[in-house]
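Enquirer: Give the three-dimensional model of this entry:
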Amino acid sequence: MALPARARLSLVIVAALAAAFASTQVASGKKKAAVGGMDEQKRALHALNRLAFGPRPGDLERVTQMGVDKWIDQQLHPEKIDDSRLDARLASFRTLRMDTRQIVENFPNNQIIKEVAEGKAPMPTDPERRAVYEAQVEKYEGKLDRKEAAKNSAGGNAASGNAANEQDGAADANAMSMQADAAYGRRREEAQASTIKLRELLDLPPEQRYREILAMSPEQQHVIANRAKGAKADQLMEGLNGEQKETVLALNNPEQVVVDELMQAKLLRAAYSDRQLEEVMADFWFNHFNVFINKGADRFLLTSYERDTIRPHVMGKFEDLLVATAKSPAMLFYLDNWLSIGPHSEAAIGPPPPDRDRPRRGRAIPRHPPQARRPKPGRASGLNENYGRELMELHTLSVNGGYSQQDVTEVAKVFTGWTIDQPNKGGGFKFDAKMHEPGEKMVLGHRIKPNGEKEGLQVLRLLARSPQTAHFISLKLATRFVADDPPPALVDRMTKTFLKKNGDIREVLKTMFASPEFWAPEAYRAKVKTPFEFVVSAVRASGAQVDDARQLVGTLNNMGMPLYAMMPPTGYSMRAETWVNSSALLARMNFSLALAGGKVRGVSIDNAQLVPKTADAGEAVARLEASLLGGDVSRQTHETITKQLEDPKISQRRLDDPARPPNVGVIAGLILGSPEFQKR
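Expert: This next block holds a predicted model:
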């Protein structure tokens with residue numbers, strides 16, 4: 001069976017470009033600094049590839065005209081940049097503006113639905129919210145019914161050792177089989193009816209269609225949701241406003257609405273925000289203080305985490321960011337600190353015994369201090385070391401930061417009592433003194449006196465101002481912005497700035513951006529883009545219009561970098577070896593061709609804006625190399641692309657028909673998949 005043209009093209013071009021990629025990797029390792037460094041255009045392109053998610057059409061000329069240094073200073077002060085156009089794009093995503101309690105109330109989780117189903121919480125009176133709750137209660141009760149039926153079936157089939165009981169069991173099994181057949185028949189009838197109903201719905205005006213959906217039974221809504229896939233799903237949503245779309249989607253899975261809007265917003269911000277450095281830093285810091293979205297309550301806690309914890313501090317003081325993450329319900333839940341109980345706390349051993357203190361020299365001396373009492377038999381202390389370990393290993397000192405296991409245990413004790421008020425209902429941070437381990441702690445040779453919640457703040461300040469932390473954060477920033485193995489001299493200068501300026505992130509960035517190492521020719525296109533950086537930069541470079549980012553989110557899943565879904569607290573790697581292999585190159589090439597060819601759902605590209613209709617193949621290649629790569633393309637990549645265009649099955653031109661216009665989508669796709677574009 002012959003492969004489709006695009007699949008055949010992908011395999012051929014990936015093999016050729018893999019060799020080109022390898023050769024450019026070797027070459028980049030042998031580069032020597034040229035006298036005078038980069039020219040102004042290269043400086044502009046380098047800045048756009050490092051401080052931004054790549055240039056958009058016209059950005060290179062605009063930054064060159066403004067002056068690279070002036071543009072960098074502007075990006076370092078994002079509050080001065082008007083980003084209203086991005087705000088308009090995100091306006092329909094209501095969850096981005098909700099606090100966590102509002103999210104839970106409007107898009108209920110399983111715990112809330114269980115309470116409503118059991119009569120422990122009221123059903124909303126608002127028609128839209130009520131429809132969502134009713135649909136979820138129906139699903140919840142259906143699951144209970146199925147569990148009960150399965151339990152009864154297992155009981156009916158068990159051997160009873162009694163002939164009469166065996167007959168009763170057989171009769172029950174036969175009755176249940178008949179019920180199952182009847183249920184199957186009903187489901188088939190409902191499916192056929194839903195197909196007809198879906199066709200009727202798609203023909204209705206938006207408002208009437210919306211009212212019809214809300215008026216359906218939860219069973220009908222569920223079937224319709226399962227039937228409306230792809231283009232039909234788009235038709236079902238066509239003409240509805242943002243709130244109406246959210247409600248229809250929430251009928252099937254309310255929590256997924258929150259997740260989808262968060263993920264789409266991340267892509268849209270990276271692609272369209274004029275505050276590009278702020279977006280790069282928001283991505284950097286979220287990855288540094290990683291939280292896994294699919295751990296229970298974090299599915300609805302992450303919206304506030306990114307908006308209220310990460311974003312306000314991306315260029316502020318590191319200590320403020322560290323404290324904000326430590327108190328974030330999302331982090332407390334992810335690393336289980338909200339459950340951590342001191343071994344000698346009141347929560348572990350109960351309240352202290354009656355006061356039988358005896359006076360000594362005018363002071364009351366407790367006969368049974370908390371440390372002397374023992375936990376109740378069979379009762380675990382509940383001390384959780386996850387946060388204490390990751391705080392030092394990943395957030396501050398680094399894995400080689402000079403701390404011991406004893407330090408981990410002591411830090412864990414310090415943070416007992418840092419918990420969440422009703423996490424499944426969207427509650428915030430609280431300090432619970434009953435969970436807190438009493439007594440002094442010793443952390444990194446420093447004595448932490450008993451002081452409740454303030455013990456944690458003291459440890460966070462100690463860690464934030466440590467020279468090891470300053471070096472570790474500077475190294476990570478230089479790895480993101482300069483090279484996989486950044487020059488030690490640069491990292492040392494950044495570390496000095498960090499310590500001198502009390503962890504001022506903006507000042508550390510200024511030191512890095514002003515360094516000769518950042519502008520050295522060997523730093524130019526020396527960093528391989530992560531899948532997220534690659535997808536966003538392709539959208540930006542092509543001038544794509546994203547109306548629905550869900551398929552772009554799915555693309556990142558396929559490339560091995562699902563958004564907010566790195567399970568370990570390490571975050572995603574920024575180094576090339578993680579992302580460079582044949583499978584990854586093939587996935588990137590397939591995406592590039594699909595994007596440029598208008599095959600990505602929810603995304604459109606006007607190729608006429610990139611290349612005039614009158615251009616021949618040679619002119620089209622030249623123009624696209626200029627617009628997508630800044631004109632900086634290797635001879636090997638250029639020859640590989642032009643050679644593929646000689647194949648009429650790929651270029652869609654007959655060699656004896658020069659009048660037919662070239663396939664701009666294929667040319668653009670090949671360039672977006674090139675080694676040059678995959679580096680920044």
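
Enquirer: Spatially, what comes nearest to the most centrally placed residue in the chain if we skip its sequence neighbours?
Expert: Note on the chain: the residue nearest the mean C-alpha position is Tyr564, at 2.5 Å, using C-alpha atoms, centre = their mean. Closest residue in space to Tyr564, ignoring its immediate chain neighbours: Ile293 at 3.8 Å, by C-beta to C-beta, 6 or more residues apart in numbering. In this view, the C-beta of every residue, glycine as well, is placed from N, C-alpha and C.

Enquirer: wait, isn't the one you found in contact with Ala565?
Expert: Yes. Contact criterion C-beta atoms under 8 Å: Ile293 and Ala565 qualify, at 5.7 Å.

Enquirer: Just want to know which of these two has more residues nearby.
Expert: Ile293 (22 against 14; other C-beta atoms under 10 Å).

Enquirer: Report the buried residues of stretch 486-499.
Expert: Pro486, Pro487, Leu490, Val491, Arg493, Met494, Thr495, Lys496, Thr497, Phe498, Leu499 (16 or more other C-beta atoms under 10 Å).

Enquirer: before we move on, what about stretch 329-349?
Expert: So stretch 329-349, judged by 16+ other C-beta under 10 Å, has buried residues 329-335, 337-349.

Enquirer: now stretch 413-423
Expert: Lys413, Val414, Phe415, Thr416, Gly417, Trp418, Thr419, Ile420, Pro423.

Enquirer: could these go into TSV alongside distance to Asp99?
Expert: Compiled in TSV, those are given as follows (distance: C-beta to C-beta, whole Å):
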residue	distance to Asp99
Lys413	31
Val414	28
Phe415	24
Thr416	27
Gly417	24
Trp418	20
Thr419	19
Ile420	14
Pro423	14
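
Enquirer: what's the following helix or strand after the host helix or strand of Val116?
Expert: Per DSSP states H and E: Val116 is located in helix 110-117. Moving toward the C-terminus from helix 110-117, the next helix or strand (DSSP H and E) is helix 127-157.

Enquirer: That following helix - contacts with which helices or strands?
Expert: Counting contacts by 3 or more C-beta pairs under 8 Å, 6 or more residues apart in numbering; DSSP states H and E, helix 127-157 is packed against helix 100-106, helix 110-117, helix 163-202, helix 206-215, helix 218-227, helix 242-250.

Enquirer: Give me the residue ranges of the stretch 301-450 of the chain where confidence is low.
Expert: 353-381 (pLDDT under 70).

Enquirer: oh sorry, the question was meant for the stretch 501-650 of the chain
Expert: 647-650.

Enquirer: need the helices for it, in chain order.
Expert: 505-513, 516-519, 531-542, 550-558, 582-596, 617-629, 635-645, 648-651 (DSSP state H, counting those that start in this stretch).

Enquirer: Which of those sits closest to Asn106?
Expert: helix 550-558 (20.1 Å; C-beta to C-beta).

Enquirer: what sits up against that closest one?
Expert: 260, 263-264, 267, 531-532, 535, 539, 546, 562-563, 565, 587, 591, 600-603 (C-beta atoms under 8 Å, 6 or more residues apart in numbering).

Enquirer: between it and helix 582-596, how many degrees?
Expert: 170 degrees (axes from the mean of the first three to the mean of the last three C-alpha atoms, to 10 degrees).

Enquirer: Return the set of buried residues in helix 550-558.
Expert: Leu552, Val553, Thr555, Leu556.

Enquirer: ok, so of those residues, who is nearest Thr614?
Expert: For these, with Thr614 as the reference and C-beta to C-beta as the criterion, the closest is Leu552, at 31.9 Å.
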